[in-house]
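coords please:
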Amino acid sequence: MTALPQTLPVPTVFVVDDDDAVRASVVNLLESDGHHVRAFACARAFLALALPQDPACLVLDMHMPAIDGLDVVAELARQGAGIPVIFLTGFGSIPLSVQAMKAGAIEFLTKPVQPEQLLGAVRTALDGDTARLARRRELAALRARHASLTPRERETLELVIGGLLNKQVADAMGISEIMAKTHKRKVMEKMQARSLPDLVRACERLQIVSTRHR
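Numbers count the residues shown, from 1 in each chain. Got it, this is the predicted structure:
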């Protein structure tokens, strides 16, 4: 039976701006560049949305009534959402741009924004978010592989990444060298590590500390 090809996630560009004309202009520009866009006239409506797990970025007006752009970024940070933010403002200044960057924005653009400048910022933001989500998925898969290890296999792993040879691992665990080799082989298979350096790098990502026999 032929496997169906996997469909790639479609990135989304969210646009939040209370100015109808500006919002429509930004949406038209982004859609003309092939982006999937969802637009909101107020921050409250956007914050009520469950953000997708696929790559995304937010084009956000800095000055809005009730909830302004900095408030939105603060709320996203509180929720633990890592969506990259591009600020738009009609009142650009150095102190304001510094404030925006400190809040976590990746770009700060003044209106009327140059089309290529905005499109370039959006492409950079989506590329970055795609990479961030890929790293998160890889780490989740790595944690799942580690969780599949038995207690003895975890003990073996921590000794092996400390540089111990099979005989030393066997002595540390009080088992035969053949059994130590078996545990090590299963660890390598379950962790999908092709070599000891691969295993060490995986453990570094998981913040697993090696143990040594004393």
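
At the geometric centre of the chain, which residue do we find?
Arg132 (2.8 Å; Cα atoms, centre = their mean).

Can you report phi and psi for the nearest residue to it once chain neighbours are set aside?
With Cβ to Cβ, 6 or more residues apart in numbering as the criterion, Arg132 has its nearest non-adjacent residue at 5.9 Å, and that residue is Gly82. For the C-beta atoms, the positions are set from N, CA and C on the backbone; glycine is no exception. Dihedral pair for Gly82: phi -100, psi 20, per degrees, to the nearest 10.

now do the one 5 residues further on
Comment: the main-chain dihedrals of Phe87 come out as phi -90, psi 140, following degrees, to the nearest 10.

so where's this protein uncertain?
Along the chain, the model assigns pLDDT under 70 to residues 1-8, 92-94, 211-214.

Domain-wise, how is it divided?
12-142, 148-206 (automatic domain parsing).

which stretch of helix or strand covers the residue nearest to the centre of the chain?
Element membership for Arg132, per DSSP states H and E: helix 115-147.

Apart from its neighbours in sequence, what residue is nearest the residue of the chain most remote from its centre?
Each residue of the chain has a distance to the centre, and by Cα atoms, centre = their mean the biggest one is for Ser176: 42.9 Å. Distances taken as Cβ to Cβ, 6+ apart place Ala170 nearest to Ser176, at 6.0 Å, with adjacent residues excluded.

cool, and Leu157?
If the residues on either side of it in the chain are set aside, Leu157 comes closest to Val187, at 4.9 Å by Cβ to Cβ, 6+ apart.

now the helices: where do they sit in the protein?
Per DSSP state H, the chain carries helices over the ranges 20-32, 43-47, 69-79, 94-103, 115-147, 151-160, 166-173, 177-190, 196-206.

Packing partners of the longest one?
Secondary structure elements in contact with helix 115-147, counted by 3 or more Cβ pairs under 8 Å, 6 or more residues apart in numbering; DSSP states H and E, are helix 20-32, strand 56-61, strand 85-89, strand 107-110, helix 196-206.
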